[in-house]
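Undergrad: Okay, sequence plus prediction incoming.
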Amino acid sequence: MVLEKCIGAQRSRRIQRALRHSKVTILCLVLTVVVLRGTIGAGKFGTPEQDFLEIRDHFYSRKRAEPHRVLEEVQTTPSDPNNYNAFDINKILKDEEGEEEKPDPNKPYTLGPKVSDWDQQRSKWLKQNPNMSNFVGPNKPRVLLVTGSSPKPCENPVGDHYLLKSIKNKIDYCRLHGIEVFYNMALLDAEMAGFWAKLPLIRKLLLSHPEVEFLWWMDSDAMFTDMAFELPWERYKGSNFVMHGWKEMVYDEKNWIGLNTGSFLLRNCQWSLDMLDAWAPMGPKGRIRDVAGKVLTSALKGRPVFEADDQSAMVYILATQREKWGDKVYLENAYYLHGYWGILVDRYEEMIEKHRPGLGDHRWPLVTHFVGCKPCGKFGDYPVERCLKQMDRAFNFGDNQVLQIYGFTHKSLASKRVKRVRNETSKPLEVKDELGLLHPAFKAVKVSSS
């Protein structure tokens with residue numbers, strides 16, 4: 001070979017090998033171009049130059065798309081009017097300018113004008129409005145459940161989510177038991193903020209709704225955990241005020257936790273208005289509340305030093321004025337009108353295994369109350385993780401009883417996901433309602449035939 005003679009045999013073989021590899025490389029390049037043309041389309045005019053430009057732009061755009069998008073978001077986020085995360089919520093939460101009306105410090109605090117003949121006014125109204133009876137059935141009073149929260153968002157990112165769960169839970173129970181719901185987000189009296197905000201609201205609702213026989217107050221951090229339990233209304237025929245508590249702890253020991261005012265029943269009558277008038281004077285914020293707090297701490301067993309609260313004030317009133325109020329107060333402990341969460345939440349699985357809804361007591365509590373968790377605040381009295389986990393479990397524990405009506409249940413008490421527990425049928429009206437909640441007898445209203 002001429003080439004071998006000129007450059008040598010070894011170098012000739014190297015050049016030939018390189019040429020063969022070049023052919024393969026060119027062939028692969030041609031195939032790649034063909035494939036890419038089929039994938040991303042030919043150039044605008046089908047020319048090699050245009051193909052090359054489009055191929056280059058295709059790879060470049062894929063490489064730079066994600067960083068460019070992220071950079072664009074970073075650059076536009078602060079000024080993007082559609083971005084909720086970037087919006088300063090304080091712009092719309094700012095109150096209108098103007099001074100609040102301040103009460104006269106020389107006058108004793110009152111909830112409103114004195115009403116002395118409410119029983120007569122209400123009786124007359126009920127007679128004039130027979131279609132708005134205060135009883136919706138035999139031994140079934142018309143009940144209004146009242147709860148609420150601050151007009152401002154919670155002070156932590158998840159608080160409003162748990163408020164939503166709490167009101168959803170209450171709506172479920174009330175729908176099943178024929179109870180109306182009033183949710184309040186307005187501070188009706190700036191002097192009665194905090195613990196005491198419920199008192200002006202309760203008085204206003206009693207006077208505005210004469211058709212309501214019982215008002216049921218429930219704190220926002222309390223949840224129904226027995227959807228099947230109907231309150232023993234007949235038991236309270238002679239009572240005007242029903243709270244969870246113990247006579248010995250209130251009247252004998254004067255213990256500040258002898259009762260709980262996070263969930264209670266108050267009859268719509270003159271006696272209740274008088275009780276609210278006696279209850280309220282310790283509530284105005286500032287010096288009055290601070291001084292009253294010292295009085296309560298010195299008078300009640302085990303009470304820490306802090307400003308006056310509505311629960312301690314009620315214990316104090318009953319313990320010091322039993323003759324005046326005691327006969328119409330029912331301290332209930334046969335079931336959990338209020339159930340302290342710390343002794344209940346870890347036993348839910350045991351309850352499910354051994355018992356069934358409808359008991360209302362320690363075996364299956366009517367209410368689980370998350371006292372001290374303060375899910376809407378910045379700080380609570382217990383670890384945040386434990387509070388939120390157990391609130392989820394309590395919600396699911398109650399929610400399972402609702403979902404079971406429709407053939408579902410949560411996968412576990414810690415899970416938001418649900419599973420089917422009953423097969424669908426072509427005859428849905430024949431499915432047995434095991435808990436009797438779908439069409440309970442206590443919701444039935446007799447309709448006149450005339």
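TA: Right, received. Where do you want to start? The model shown is predicted, which means the values in this text are computed figures rather than measured ones.
Undergrad: I'd like the average pLDDT over whichever strand or helix holds residue 92.
TA: Counting by DSSP states H and E, the element that carries residue 92 is helix 90-93. Here helix 90-93 scores 79 as its mean pLDDT.
Undergrad: Please state the offset of the next helix or strand after it from the chain centre?
TA: Counting by DSSP H and E, the next helix or strand C-terminal to helix 90-93 is helix 118-128. Here helix 118-128 shows a centroid-to-chain-centroid distance of 36 Å under the convention CA atoms, centre = their mean, to the nearest Å.
Undergrad: so where do the helices sit in the stretch 351-450 of the chain?
TA: Listed in chain order, the helices found in the stretch 351-450 of the chain under DSSP state H, counting those that start in this stretch are 384-403.
Undergrad: for it, what spans make up the strands?
TA: Listed in chain order, the strands of the stretch 351-450 of the chain (DSSP state E, counting those that start in this stretch) span 367-369, 408-410, 418-420.
Undergrad: Hmm, residue 216 is touching residue 143, no?
TA: Yes: if you go by CB atoms under 8 Å, residue 216 and residue 143 touch, sitting 5.6 Å apart. (Glycine included, C-beta is placed from N, CA and C.)
Undergrad: Please identify every residue contacting each of the two.
TA: Common contact partners of residue 216 and residue 143 (CB atoms under 8 Å, 6 or more residues apart in numbering): residue 179.
Undergrad: what's the helix or strand for residue 331?
TA: For residue 331, the host element (DSSP H and E) is strand 329-332.
Undergrad: now residue 212, what's its secondary structure?
TA: Counting by DSSP: H, G, I helix; E, B strand; the rest coil, the backbone at residue 212 sits in coil.
Undergrad: which residues touch it?
TA: So residue 212 contacts 134, 142-144, 180, 205-206, 268 (CB under 8 Å, 6+ apart).
Undergrad: Same question for residue 344.
TA: Applying CB under 8 Å, 6+ apart, we find residue 344 in contact with 225, 336, 362, 365, 368.
Undergrad: switch to 6 Å and redo it
TA: 365, 368 (CB atoms under 6 Å, 6 or more residues apart in numbering).
Undergrad: Relative to residue 229, how far out is it?
TA: Separation of residue 344 from residue 229 (CB to CB, to the nearest Å) stands at 14 Å.
Undergrad: what mean pLDDT would you report for the longest strand seen in the chain?
TA: The longest strand of the chain (DSSP state E) is strand 259-267. Averaging pLDDT along strand 259-267 gives 98.
Undergrad: Packing partners of the strand holding residue 331?
TA: Other elements packing on strand 329-332 under the criterion 3 or more CB pairs under 6 Å, 6 or more residues apart in numbering; DSSP states H and E are strand 241-245.
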